[in-house]
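> Here is my input; please provide its structure:
(one chain, ligands or ions: 1)
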Amino acid sequence: MASELIQAGAIGCPECDLLGEIPALAPGERARCSRCGFLLAVSYEDPFGRAFSFALSALIMLLVAMAFPFLSITASGISNSMTLLQTVSYLADYGADVIAFLVLVFVILVPAIMLLLILVLSLSLRRHRFHPLLQAPTRWLFHLNAWAMVEVFAIGVIVSLVKLAAMAHVELGLSFWAYLAFSGLFLLAFSSMDRLTVWSVIDRIRRSGT
Ligand SMILES: [Zn+2]
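Coordinates of the predicted model:
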């Protein structure tokens, strides 16, 4: 099943709605919209094996990021360190309930749910199986991506740290680096689940009647 996971067919560009034909793609090839250049499809050698490994590593990094101190701040001789989840509860304590909720949902929960979906789906598709119950979650996976703010958070934290560093001594914890690794691995895992590859393979499994 290594070659041409993506079948030739008509596709609408999600960015500019241009309707076009894409050819069957061999591993390593990618298709872009001829009008706006939007990346329509990428073909990987073993996309689901790749997605599974990245998703599993990302989940492990997320667990590490939750378990250890995220950063510690020392100012005027007073030191305070907090974990990733404590940053959420501190936000709530200081009255920023909405921001605390948004961080919890879009920075931790949504990415974690997406990674679990990627694990289940990639394992299943790699074995050439697709249970009808997976149909809806597969669609959610691609919708949810618009709500994952992993890299936004990572960049936000770095920018805040630069500002904080001028006022206090900031020490980055193990969890900070784990979160950075998690955000990179998360992007790699999701980008391995090429939408067109996923639906092409599902279509093929259905037609072969497994
Ligand atoms: Zn386009």
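> Quickly note the distance from the residue nearest to the spatial centre of the chain to the ion.
In the chain, the centroid-proximal residue (C-alpha atoms, centre = their mean) is residue 186; its distance is 3.8 Å. Taking C-beta to the ion, to the nearest Å as the criterion, residue 186 is separated from the ion by 25 Å. Every residue, glycine included, has its C-beta placed from N, CA and C.
> Does that residue touch residue 149 like I think?
No - under the criterion of C-beta atoms under 8 Å, residue 186 makes no contact with residue 149, lying 10.9 Å away.
> where in the chain is pLDDT low?
By pLDDT under 70, the low-scoring segments of the chain are 1-4, 7, 210.
> Give me every residue in it lying close to the ion.
The interface of the chain toward the ion, taken as C-beta under 5 Å from the ion, is made up of 13, 15-16, 18, 33, 35-36, 38.
> Tell me where the protein has strands.
Along the chain, the segments classed as strands by DSSP state E run 9-12, 19-22, 30-32, 39-42, 69-75, 78-83, 169-172.
> Return the most buried member of those.
Taking mean count of other C-beta atoms under 10 Å as the contact definition, the stretch among these with the greatest mean neighbour count is strand 39-42, which reaches a mean of 19.
> hmm, back to that, can you redo the strands of the chain as JSON lines, where the extra columns are distance to residue 192?
Supplementary listing: the strands of the chain in JSON lines, determined by distance: least, C-beta to C-beta, whole Å:
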{"stretch": "strand 9-12", "distance to residue 192": "19"}
{"stretch": "strand 19-22", "distance to residue 192": "19"}
{"stretch": "strand 30-32", "distance to residue 192": "13"}
{"stretch": "strand 39-42", "distance to residue 192": "9"}
{"stretch": "strand 69-75", "distance to residue 192": "27"}
{"stretch": "strand 78-83", "distance to residue 192": "29"}
{"stretch": "strand 169-172", "distance to residue 192": "29"}
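> out of those strands, nearest to residue 194?
For the strands of the chain, the distance to residue 194 is smallest for strand 39-42, at 4.9 Å, taking C-beta to C-beta.
> Can you show me the CA trace of the closest one as CSV?
What follows is strand 39-42 as a C-alpha-only set of coordinates in CSV (Å, rounded to 0.1, in the frame of the first residue of the first chain):
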residue,chain,number,x,y,z
LEU,A,39,-1.2,22.9,-0.1
LEU,A,40,-3.9,20.5,-1.1
ALA,A,41,-2.3,17.2,-0.4
VAL,A,42,1.0,15.6,0.7
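> so what strands line up beside that strand?
Here strand 39-42 has these sheet partners by DSSP bridges: strand 30-32 (antiparallel).
> what residues does the strand it pairs with touch?
6, 22-23, 25, 38-43 (C-beta atoms under 8 Å, 6 or more residues apart in numbering).
> For it, what is the distance to the chain centroid?
Here the centre of mass of C-alpha atoms in strand 30-32, compared against the chain's by C-alpha atoms, centre = their mean, to the nearest Å, lies 21 Å away.
> Same question for stretch 26-44.
Once both centres are worked out by C-alpha atoms, centre = their mean, stretch 26-44 turns out to sit 19 Å from its chain's centre.
> Over to stretch 137-147?
Between the centre of stretch 137-147 and the centre of its host chain there is 10 Å, according to C-alpha atoms, centre = their mean.
> Please identify the buried residues of it?
For stretch 137-147, a neighbour-count test (16 or more other C-beta atoms under 10 Å) marks 138, 141-142, 144 as buried.
> No more questions from me, cheers.
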